[in-house]
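Q: For reference, the sequence and a predicted model appear below.
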Amino acid sequence: MAGRILTGMLFLFFSLSLNAQPFGEAETFPFSMEAAGTGNLEFANGFDLADPDGDGDLDLFLYYQEGNQIIFYENKPVNGLPNFSSNTINPFNLLVPEPDFLTFHSFVLEDIDGDNDVDILMGDLLRPFVLIENIGTPNTPEFAAPVSNDFFLEDCSLRPHAFGDVDFDGDLDVLTTVYLGGDASKICLVQNDGSATNPDFLLPGDLSYLGEGDINLGNGDFADFDQDGDADYLHSEVDGNLSYHENISSGDEIAFAEAQINLWGFEKSAINNSTPRLADVDGDGDLDYFELDLFTGELFYRENLSPPVSVEVPELATIPFDLFPNPTETSVRLQAILPSNSRVAQVFVRDAAGRICHWQSVYDPPEELQLDIDLSKLSSGSYLLELQTDQATFTKALIKSH
């Protein structure tokens, strides 16, 4: 989800750019991945991509219930292309929760507590939600023992699909399947009523129009497909279709548009229930498509062959916007003249993989905004700083040095 680097210039992305994104043919186990593990690897329960070691590229984690294993595929690029030929079972002192007679069909990598490292979250219907907190550093992961219901309500049976800032308040919300009893479930949004660093999740809110009925509703992923600054939703349906729901939230009202089915001309690749993930694994500025079949263990990949179509807006979309010092070793000061009557200003710092690694919110900001941003916990490298208001989004390149 890496953004384009601009200097105080807003980029608009037309909705038709969604349809204009051509994807390549499906590959299985891409980038030199090899089978790993010691158990029966024909039942993979989850996967996700993140940059846990802070080296600027996306690594991949696969979770297998059989053998109680999390397999880490470290990305070691070859000739500028991703390479997942190296793998480790239960790395970084990982203690994997025992599945007992139940499974974990949800496996998510996210910085849930806002401390700039990658945590692991696992869950499923009929069992408590589990957090495996990263207690290391952004460059050297180390994971604590699994803890049940550390952020969520007690006795709340959830199968989280993905985390994203749906309500645009600077913290992570979660879209999840909620068990209703018997053979019934529905998709709900669990909003974060706390903060980016101290999450506090509310009772699930009804978004059943995204899915309701059978206990097995499939999984999904958040991503900003249309590059308008909010989290859209892609759902891998049990019937074989991929449903895209645009985030059309306005103010305090959270809403997703009706489904567009198989928007890019292909159905899901898996023949069984599956988990999709969207990530810029090759670092070319667009979202590539991954999908895991949860019963055969096959991992599918489609490369996004071109970036979204974009149109530069005239000078009216620019604002005086500066960062100094840049490069910086510890902190940076943002100075900007905001559009008049801005109700909120949010700052997001994204790494090379497009992941948010720092954010701050200012409500009812002054028109002449000055904001000090602490970057001391970030590893050295290139970042993109996004300044979002309720009227426009502006970006600047940012370099963190030693």
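A: Received it, and whenever you're ready, just let me know what you need. Numbering: from 1, shown residues only.
Q: which residue ranges form the strands in the stretch 1-150 of the chain?
A: For the stretch 1-150 of the chain, the strands defined by DSSP state E, counting those that start in this stretch cover 11-12, 27-28, 44-50, 59-64, 69-74, 86-89, 106-110, 119-123, 130-132, 147-148.
Q: What about Thr140, how many residues nearby?
A: Look at Thr140: counted by other C-beta atoms under 10 Å, it has 12 neighbours. In short, each C-beta sits where N, CA and C put it, glycine included.
Q: Let me know the pLDDT of Gly56.
A: You'll see Gly56 listed with a pLDDT of 81.
Q: er, Leu12 actually
A: So, for Leu12, pLDDT stands at 33.
Q: if we can go back for a sec, among the strands of the stretch 1-150 of the chain, which is nearest Tyr383?
A: Nearest of these to Tyr383, taken as C-beta to C-beta: strand 44-50 at 15.9 Å.
Q: hey, C-alpha coordinates of the closest one in CSV?
A: Extracted in CSV, the C-alpha atoms of strand 44-50 (Å, rounded to 0.1, in the frame of the first residue of the first chain):
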residue,chain,number,x,y,z
ALA,A,44,-3.2,-24.1,6.7
ASN,A,45,-5.3,-21.9,8.9
GLY,A,46,-4.0,-18.4,8.2
PHE,A,47,-1.3,-16.2,6.8
ASP,A,48,-0.4,-12.5,6.6
LEU,A,49,2.4,-10.2,5.4
ALA,A,50,4.3,-7.6,7.4
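Q: for it, packing partners?
A: Judged by 3 or more C-beta pairs under 8 Å, 6 or more residues apart in numbering; DSSP states H and E, strand 44-50 is in contact with strand 59-64, strand 106-110, strand 274-279, strand 288-293.
Q: partner strands of the second one, parallel or antiparallel?
A: According to DSSP bridges, strand 106-110 forms sheet pairs with strand 119-123 (antiparallel).
Q: Now do the partner strand and strand 69-74, the angle between them.
A: Between the axes of strand 119-123 and strand 69-74, defined by axes from the mean of the first three to the mean of the last three C-alpha atoms, to 10 degrees, the angle is 140 degrees.
Q: Output strand 119-123 as CSV, nothing but the C-alphas.
A: This file holds the C-alpha atoms of strand 119-123, laid out as CSV (Å, rounded to 0.1, in the frame of the first residue of the first chain):
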residue,chain,number,x,y,z
ASP,A,119,1.9,-8.1,16.9
ILE,A,120,0.1,-11.4,16.1
LEU,A,121,-3.6,-11.8,16.6
MET,A,122,-5.5,-15.1,16.3
GLY,A,123,-9.1,-16.0,16.7
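Q: for that strand, what is the average pLDDT?
A: On average, the pLDDT along strand 119-123 is 84.
Q: What residues sit buried inside whichever strand or helix holds Leu189?
A: Following DSSP states H and E, one finds Leu189 within strand 184-190. Within strand 184-190, the residues scored as buried using 16 or more other C-beta atoms under 10 Å are Ser185, Lys186, Ile187, Cys188, Leu189, Val190.
Q: Could you do stretch 340-350 as well?
A: Neighbour counts over stretch 340-350 (16+ other C-beta under 10 Å) mark Ser342, Ala345, Gln346, Val347, Phe348, Val349, Arg350 as buried.
Q: same question, stretch 242-256
A: The neighbour-count check on stretch 242-256 (16+ other C-beta under 10 Å) flags Leu242, Ser243, Tyr244, His245, Glu246, Asn247, Ile254, Phe256 as buried.
Q: The third one is in contact with Phe225, isn't it?
A: Going back to what we said before, that points to Tyr244. Yes: judged on C-beta atoms under 8 Å, Tyr244 makes contact with Phe225 at a distance of 6.9 Å.
Q: Which of the helices and strands in this structure ranks last by mean pLDDT?
A: strand 11-12 (a mean of 32; mean pLDDT, DSSP states H and E).
Q: List the contacts of Lys377.
A: Counting by C-beta atoms under 8 Å, 6 or more residues apart in numbering, Lys377 touches Asp115, Asn116, Thr137, Pro138.
Q: could these be laid out in a markdown table, adding neighbour count?
A: Shown next, in a markdown table, are these (neighbours: other C-beta atoms under 10 Å):
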| residue | neighbour count |
| --- | --- |
| Asp115 | 15 |
| Asn116 | 21 |
| Thr137 | 15 |
| Pro138 | 20 |
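Q: farthest pair in those residues?
A: By the measure C-beta to C-beta, Asp115 and Thr137 form the most distant pair in the contacts of Lys377, at 9.4 Å.
Q: Can you give me the neighbour number for Ala231?
A: If you count neighbours by other C-beta under 10 Å, Ala231 ends up with 22.
Q: Appreciated, that's everything.
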